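Colleague: Sequence first, predicted model second:
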Amino acid sequence: MAIAVYKTSRVIVQGITGKEGRYHALACRDYGTKIVGGVTPGKGGQDIEGIPVFNTVEEAVQKTNPNVSLIFVPPPFAADAILEAVGSGIKIIVCITEGIPVLDMVKVKRVIEKEGIILIGPNCPGIITPEASKIGIMPGHIFKRGSIGIISRSGTLLYETADQISKVGLGQSTCLGIGGDPIVGTDYIFWLEKFEQDPETEAVMIVGEIGGDAEEKAAEYIKAYVTKPVFAFVAGASAPKGRRMGHAGAIIMGKKGTVESKYAALKEAGVHVIENPGYVGETIYKTLKEKYHFSI
Amino acid sequence: MKLHEYQAKELMSLYEVPIPEGRVAYFPYDAWMVAMELGFPVVLKAQVLTGGRGKAGGVKIAKTADEARDIAQELFGKTLVTAQTGPQGVRVRKLLVEKVSSIKRELYFSITIDRTIGKPVVIASKRGGMSIEEVSELYPEDIIKIPIDPAVGFLPYQIRRLKYDLDLVEQEKEISKIVSSLYKLFMDKDCSLLEMNPLVVTDTDHLVALDAKIEIDDNAIFRRKEVAKMRDLTEYDPDELEARFAGLNFIKLDGDIGCMVNGAGLAMATMDVIKFAGGSPANFLDVGGEATPDTIAKGFEIITRDSKVKAIFINIFGGIVRCDKVANGILQALKTVEVKVPIVVRLTGMNKEEGMEMLKNSGLAFSVANDIKEAAHMITQITKGKNQDQPKETTKETNKKEK
């Protein structure tokens, strides 16, 4: 089953005529994703190796019937691009753009919450259901279809963990990066709920980072609602203390935000904490086999 | 981007927020003149982009103009070491000289973005003057948090709440004006933090922003040219600044293993894995999505400038950036920058085979690792070995560089 994106997902790419947009639209198509159209204002009527380009998302929606939009629009215009997709009725939006002003995201967040939109990112690698649909910038070949769901804050760390999981002979149901910016569309909890319900997913890996309290909140949720095994690594154990990594919003939470606080909360929730990022694959393999008697 | 206190106060003053009378001094004689102009006593405050300067001796009171000049003389060129600066500290180059305000009560007030709810939030407390981190630990019940819906802005009932919770019944008009002005400033200038600690009630029952801090969202600098001009380049670490101009994200640490990684998350995890293998990272370096020969050369240049660095760990997971491109970048860069320390490379992801092949055929001596833990093991073996063999020589080199 997997979650959110499937072989049938129909994707448009906003910003398809830019260098990044073009490269990744084609890479996604090569992977097997149905890229049905692209949008760049002023470039309507052109095509990118057979993918039709439209001036507006509205037009692309009418002509190509997509259900996902993948956004590569530069930071000053990215928030508007997200809202344009929302305004045209698209319910799943993946925004790769890094560097969107925070106050722009404050506005976006308000709209997507009201409309019930799934926004992945911004500042994220995207989402992939291996061997079915890749909607993002990740190297597709490191992912193998299987039973582990991955939720990561960072892009390259998503690749690192997925790669380790594939190398020990396991695979992934769906993997995504929720984004590294202060304000992103979805949190761990949203995806934990989806993975918990997905019959194909048998275990979940969380890849966190220091700062904020998203991992602590996830821990509370896991304790109450998640029955499947959960694994977690939080990057930043070696980050220098005393150098402010967050702002007052993060600081006000007292001791929350440190690796110690996050691991304590996660362990308390029964999560298998993997402190050394070199051993993610091995630990998951061993734990699932020995503790949960998976036949791997 | 952090602003100096005097810059934050200038901005606040433009929005009609009451601030103490004062001026910036660049030389001891300036301080003498400003003191004469303002009357006594005056307070001299070091303008450095770090917190905790009061405890570090960066804030002093003078009762005469001569005393102001002498204190200024002492503060200029002084290095302030605070919990946030690290042992190297920051040098004082500017002072803000202000008339001393009479203080009846000290309050805390700030606006920031609450990343959990995705909205601006006002944080206030009756307990001003101490750090808000301390207040949140000692008196969490004394912290007021009011989220603001950007669609409607700051509302009258929220101001009433501040009025009662902060005991500002007499100052109702003033607090109302200050709060709405600051919220406007926050939104107008794309702030990520706007803080008054303390905001004081004076002897005559007026409100004054005694200290002010503003941070601007780096992502929004492109559309805030007027604020961008306020960036004080002298306050940045030269290496970090040079890296930033080259499109790299570099933070100096005090270990001996140089790191060059793509992606902030992987860069942090690389440091972690080095620590777990018993080593110590010399830096955090994210080369980002554009690993061109130029940026990689710049990375090598900055890393090897640190004489403590005994080996370099390059960890690339090709996604946006393809491994063959990175390998080419490394080889090109090594033609322009001389790297004398051993390099351990771990390349994987998009076009890994091509990249590895290029490195192997280059004739240069790389150690190539298959995965992140093997790489960490290899590199700590190298640095530990060197530690035992030539401790004296390393010390000598360090001394030379510092002179």
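Modeller: It's in.

Colleague: alpha carbons only for contacts and neighbour counts from here, please
Modeller: OK.

Colleague: Show me what from the stretch 1-150 of chain A comes close to chain B.
Modeller: A:99-103, A:105-107, A:109-110, A:137-139, A:141-142 (CA under 8 Å from any CA of the partner chain).

Colleague: neighbour-wise, which of these leads?
Modeller: residue A:138 (29 neighbours; other CA atoms under 10 Å in any protein chain shown).

Colleague: Next up, the contacts around it.
Modeller: A:125-126, A:155, A:159, B:319-320 (CA atoms under 8 Å, 6 or more residues apart in numbering or on different chains).

Colleague: From residue A:52, how far off is it?
Modeller: Per CA to CA, to the nearest Å, residue A:138 is found 23 Å from residue A:52.

Colleague: Give me the buried stretch members for stretch A:279-295, please.
Modeller: A:279-281, A:283-285, A:288 (16 or more other CA atoms under 10 Å in any protein chain shown).

Colleague: Chain B next: which of those are close?
Modeller: residue A:279.

Colleague: tell me which of the buried residues of stretch A:279-295 is nearest to chain B?
Modeller: The shortest approach to chain B among these belongs to residue A:279, at 7.6 Å (CA to the nearest CA).

Colleague: before we move on, what SS does that closest one have?
Modeller: State at residue A:279, reduced to three classes by DSSP: H, G, I helix; E, B strand; the rest coil: helix.

Colleague: Can you add pLDDT and give the buried residues of stretch A:279-295 back as TSV?
Modeller: Output for these, formatted as TSV (pLDDT from 0 to 100):
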residue	pLDDT
A:279	96
A:280	97
A:281	97
A:283	97
A:284	97
A:285	97
A:288	96
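
Colleague: Show me the two of the buried residues of stretch A:279-295 that sit farthest apart.
Modeller: A:279 and A:288 (14.1 Å; CA to CA).

Colleague: Spatially nearest residue to residue A:147, not counting backbone neighbours?
Modeller: residue A:201 (4.6 Å; CA to CA, 6 or more residues apart in numbering or on different chains).

Colleague: Would you list the phi and psi of the one you found?
Modeller: phi -80, psi 130 (degrees, to the nearest 10).

Colleague: That one and residue A:134, how far apart?
Modeller: 18 Å.

Colleague: what about the two, which has more around it?
Modeller: Between residue A:201 and residue A:134, counted using other CA under 10 Å, the more crowded position is residue A:134 (30 against 22).

Colleague: Contact partners for the more buried one?
Modeller: Residue A:134 sits in contact with A:28, A:31-33, A:127-128, A:140, where contact means CA under 8 Å, 6+ apart.

Colleague: same thing but 7 Å
Modeller: Residue A:134 is in contact with A:28, A:31, A:33, A:127-128, counting by CA atoms under 7 Å, 6 or more residues apart in numbering or on different chains.

Colleague: same deal with residue B:102?
Modeller: B:202-203.

Colleague: pLDDT score assigned to it?
Modeller: The model reports residue B:102 with a pLDDT of 93.

Colleague: Kindly report the same for residue A:240.
Modeller: 70.

Colleague: Not counting its neighbours along the chain, what's nearest it?
Modeller: residue B:253 (7.6 Å).

Colleague: Hmm, the one you found is touching residue B:282, no?
Modeller: Yes: the pair residue B:253 and residue B:282 passes the contact test of CA atoms under 7 Å, sitting 4.8 Å apart.

Colleague: neighbour-wise, which of the two wins?
Modeller: Of the pair residue B:253 and residue B:282, residue B:282 is the one with more neighbours under other CA under 10 Å, namely 23 against 16.

Colleague: surely the more buried one meets residue B:256?
Modeller: Yes: taking CA under 7 Å as the definition, residue B:282 is a contact partner of residue B:256 at 4.9 Å.

Colleague: so what sits against both of the two?
Modeller: Common neighbours of residue B:282 and residue B:256 (CA under 7 Å, 6+ apart) are residue B:309.

Colleague: How many residues are close by residue 86?
Modeller: No chain in the question, so chain A it is. 24.

Colleague: Oops, wrong one, chain B.
Modeller: 15.

Colleague: cool, and residue B:242?
Modeller: For residue B:242, using other CA under 10 Å, the count is 17.

Colleague: For residue B:181, which three-state class applies?
Modeller: helix.

Colleague: if I pick it, what's in contact with it?
Modeller: With CA under 7 Å, 6+ apart, residue B:181 has these contacts: residue B:15.

Colleague: Let's see the helix or strand harbouring residue B:97 as CSV, backbone CA atoms only.
Modeller: Taking DSSP states H and E as the criterion, residue B:97 maps to strand B:95-99. Extracted in CSV, the C-alpha atoms of strand B:95-99 (Å, rounded to 0.1, in the frame of the first residue of the first chain):
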residue,chain,number,x,y,z
LEU,B,95,30.2,51.5,22.8
LEU,B,96,26.7,52.7,23.4
VAL,B,97,26.8,55.5,25.9
GLU,B,98,23.4,56.2,27.5
LYS,B,99,21.9,58.2,30.2
